[in-house]
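Engineer: take this sequence and fold it.
(one chain, ligands or ions: 1)
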Amino acid sequence: MSVCEVNNDRGELRILENLDELRTDLADYIAELSEAAVKERGVFAIALSGGSLIDLMGKLCEAPYNKTVDWGKWYIFWADERVVAKNHSDSNYKLAKDGLLSKVPIVPSHVHSINDSVSAEEAADDYMFVIRQLVKTRMVSVSDISDCPKFDLILLGMGPDGHIASLFPNHSALDEAGEWVTFIIDSPKPPPERITFTLPVINSASNVAMVVTGESKAEAVHLAIDNIGPDCPSLPARLVHPTKGKLVWFLDKPAALKLDGLQFSD
Ligand SMILES: O=C1O[C@H](COP(=O)(O)O)[C@@H](O)[C@H](O)[C@H]1O
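Structural biologist: As a prediction, this is how the structure comes out:
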């Protein structure tokens, strides 16, 4: 199905012929990880992002996935969230609720969205507290090499500037190593106030999927994946490197256009 599958030190690259094939491959991948986690741990702890990702996950609401996935075992989190009301059009929670969560039988108490009635700083602290409680009860695993939560799957998009979650190029939040969740009030992409998982949490996950489509992201994909030597800019996406987990890139052909050594026939 994929045009090309490559394994290198930047993870597994799956380059799909078109968006329809990417949606199917992504749904299969998530359904398989859900089944494996439920078999092993009894639950599936998954962190979503916002942006184009939710639409690309859309096949999960259709047959066979809507019937075969064990939705009751899912615990849902957000790798990043904008500090706006939950019913605001900028809310990553609203995007996921409208596009996915309201269409499948998720248990409402398993949906862990941020507190939208406090400041960005308080929302980050509050979210970390919520995750800490779920780590204590092992609904979320814990990394054996750090005290970080170990999500079964973290799904990330990437902006044309190489940002992931709400970790932007050259932002001090990239250096946050002591907290699981941090906040920013100066996002270069609106809205300005956001909370985000930190790199140690992202890199502690069992599985991280980078889901990136469209030609506007081709240059950032090249910079994030190819071996471009010592002057390589510190692109946030390049810093995703699960320590003991598995990284998979889902790309369509336009996003993969500038990758070294790949040639597609029409
Ligand atoms: O602002 C954000 O942008 C990124 C990328 O979004 P995309 O629409 O270019 O896929 C997204 O992953 C993140 O969750 C969101 O807050």
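
Engineer: now the strands for this protein?
Structural biologist: 2-8, 11-16, 44-48, 74-78, 80-82, 141-142, 149-150, 153-156, 181-184, 194-197, 207-212, 246-252 (DSSP state E).

Engineer: strands paired with the second one, and their directions?
Structural biologist: Pointing back at strand 11-16 there. Strand 11-16 has its sheet partners listed here by DSSP bridges as strand 2-8 (antiparallel), strand 246-252 (parallel).

Engineer: which of the residues in the last one are buried?
Structural biologist: By that I understand strand 246-252. L247, V248, W249, F250, L251, D252 (16 or more other C-beta atoms under 10 Å). C-beta: built from backbone N, CA, C; applies to glycine.

Engineer: what's around the residue in the chain that the ligand sits nearest to, how many residues?
Structural biologist: In the chain, the residue that lies nearest the ligand is G51 (2.3 Å; C-beta to the nearest ligand atom). Around G51 there are 16 other residues, counting by other C-beta atoms under 10 Å.

Engineer: please name the nearest non-neighbouring residue to it.
Structural biologist: G157 (4.4 Å; C-beta to C-beta, 6 or more residues apart in numbering).

Engineer: for V107, see how far away the one you found is.
Structural biologist: For G157, the distance to V107 equals 25 Å [C-beta to C-beta, to the nearest Å].

Engineer: who has more neighbours, these two?
Structural biologist: Taking neighbours as other C-beta under 10 Å, G157 and V107 compare with G157 leading, 24 against 12.

Engineer: let me know the pLDDT of G159.
Structural biologist: Predicted confidence (pLDDT) for G159: 98.

Engineer: thinking again about what came up before, ok, now which ones touch the residue of the chain closest to the ligand?
Structural biologist: When contacts are counted by C-beta atoms under 8 Å, 6 or more residues apart in numbering, G51 touches N92, L95, G157, G159.

Engineer: and A96, by the same measure?
Structural biologist: L48, G50, I54, I76, W78 are the contacts of A96 under C-beta under 8 Å, 6+ apart.

Engineer: give me the neighbour count for H241.
Structural biologist: Count around H241 with other C-beta under 10 Å applied: 14.

Engineer: give me the nearest residue to it, chain neighbours excluded.
Structural biologist: Per C-beta to C-beta, 6+ apart, closest to H241 is N203, 5.7 Å.

Engineer: quick check: that neighbour vs S146, distance?
Structural biologist: 9 Å.

Engineer: repeat that for A218.
Structural biologist: 34 Å.

Engineer: which parts of the stretch 101-250 of the chain sit against the ligand?
Structural biologist: Contact residues, the stretch 101-250 of the chain versus the ligand (C-beta under 6 Å from any ligand atom): L156, G157, G159, A165, S166, K189.

Engineer: buried among these? Make that a ChimeraX selection.
Structural biologist: Selecting only the buried entries of these in ChimeraX, with 16+ other C-beta under 10 Å as the criterion:
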select :156,157,159,165,166
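
Engineer: mind listing what's buried in stretch 207-224?
Structural biologist: For stretch 207-224, by 16+ other C-beta under 10 Å, it's 207-213, 217-218, 220-224.

Engineer: any chance you could map the helices in the stretch 151-266 of the chain?
Structural biologist: 199-202, 218-225, 253-256 (DSSP state H, counting those that start in this stretch).
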